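> Output the structure for:
(one chain, ligands or ions: 1)
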Amino acid sequence: MPANTEAIHTTAINSQRFRQALGHFASGIMVITSQLEGEPIGFTCSAFYSVSMNPPLVSFSVKSSSYSYPLIRQAGRFAVNILSADQADVSRLFAQQGADKWSAVKWQASSLGNPVIADCLLWLDCAIHAEHAAGDHLIVIGEVKALGSSGSGAAAQPLLYFQGRYGQLTPLAVCHEEIMPCRSTA
Ligand SMILES: Cc1cc2nc3c(=O)[nH]c(=O)nc-3n(C[C@H](O)[C@H](O)[C@H](O)COP(=O)(O)O)c2cc1C
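Next comes the predicted model:
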């Protein structure tokens, strides 16, 4: 048994400890946006991953208590706005239920009609493909219909989140190979 093993009986897991444990998984940050009856909608999200290449599917997980998600479901579509390293304020703003989220950011509608936030690293324009209940969250799967970057350029860096803090990448070594590991310089 590994050292420092903790009880893993579901009933014994303390939710604060569980949240703290999951904070060891570093992630990027996105704002999931949509528009319903001319009103932009959005919330900050880190529970996001790619599901399928063909067809192109992505997924995010949202709390059942989200104000925004029922409106996004009604719209039937959403954009994933992957935030840049200098957009921590945008992440904080869109994580506040009931806040005036839209007067402080510039955005443009995508071809599906979803808000694309200015200077995000990359955006994906999606149609809702499926939704599954999972505990106190919903797992939403979207089919990607279009994608693009909104002007930050190739030098843009992602906003990261780790153990409750924002950060950005510090590359380990110069490596241009995406799949193969970097060769040792020794
Ligand atoms: C860094 C960060 C990551 C978050 N990730 C998620 C997430 O993956 N899913 C989620 O439902 N809420 C997530 N939240 C919390 C929501 O942004 C927050 O509950 C917000 O109030 C939801 O807005 P809404 O209620 O207007 O929909 C995250 C917040 C922060 C700051």
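
> and Ser27, how many neighbours does it have?
Neighbourhood size, Ser27 [other CB atoms under 10 Å]: 17. Backbone N, C-alpha and C define where each C-beta goes, glycine included.

> Might you report the residue contacts of the residue most central in space within the chain?
The residue lying closest to the centre of the chain (CA atoms, centre = their mean) is Met30, at 3.3 Å. Contacts for Met30 were tallied using CB atoms under 8 Å, 6 or more residues apart in numbering; they are 44-46, 48, 60, 80-83.

> so which two of these are the farthest from each other?
Phe60 and Leu83 (13.7 Å; CB to CB).

> Settle it for me: which of these two has more neighbours?
Shown here are Phe60 and Leu83; by other CB under 10 Å, Leu83 has more neighbours (26 against 22).

> Name all residues that make contact with Gly98.
Residues near Gly98 by CB under 8 Å, 6+ apart: Tyr67.

> Let me know the distance separating it from the ligand.
Per CB to the nearest ligand atom, to the nearest Å, Gly98 is found 7 Å from the ligand.

> residue ranges with poor pLDDT in the chain?
Applying pLDDT under 70 to the chain picks out residues 1-11, 150-155, 175-186.

> which bits of it sit near the ligand?
Applying CB under 6 Å from any ligand atom, we find that the chain lies next to the ligand at 29, 43-47, 61-63, 66-69, 91, 95-97, 161.

> now these: which count as buried?
Neighbour-count burial (16 or more other CB atoms under 10 Å) is assigned, among the residues of the chain next to the ligand, to 29, 43-47, 61-62, 66, 68-69, 91, 161.

> Okay, strands next: where are they in the chain?
27-28, 30-36, 39-45, 48-52, 57-63, 77-82, 107-109, 115-117, 122-134, 137-148, 160-162, 165-167 (DSSP state E).

> Let me have these in a markdown table, extended by distance to Lys101.
Putting the strands of the chain into a markdown table (distance: least, CB to CB, whole Å) gives the following:
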| stretch | distance to Lys101 |
| --- | --- |
| strand 27-28 | 19 |
| strand 30-36 | 9 |
| strand 39-45 | 6 |
| strand 48-52 | 19 |
| strand 57-63 | 15 |
| strand 77-82 | 12 |
| strand 107-109 | 10 |
| strand 115-117 | 10 |
| strand 122-134 | 17 |
| strand 137-148 | 19 |
| strand 160-162 | 18 |
| strand 165-167 | 18 |
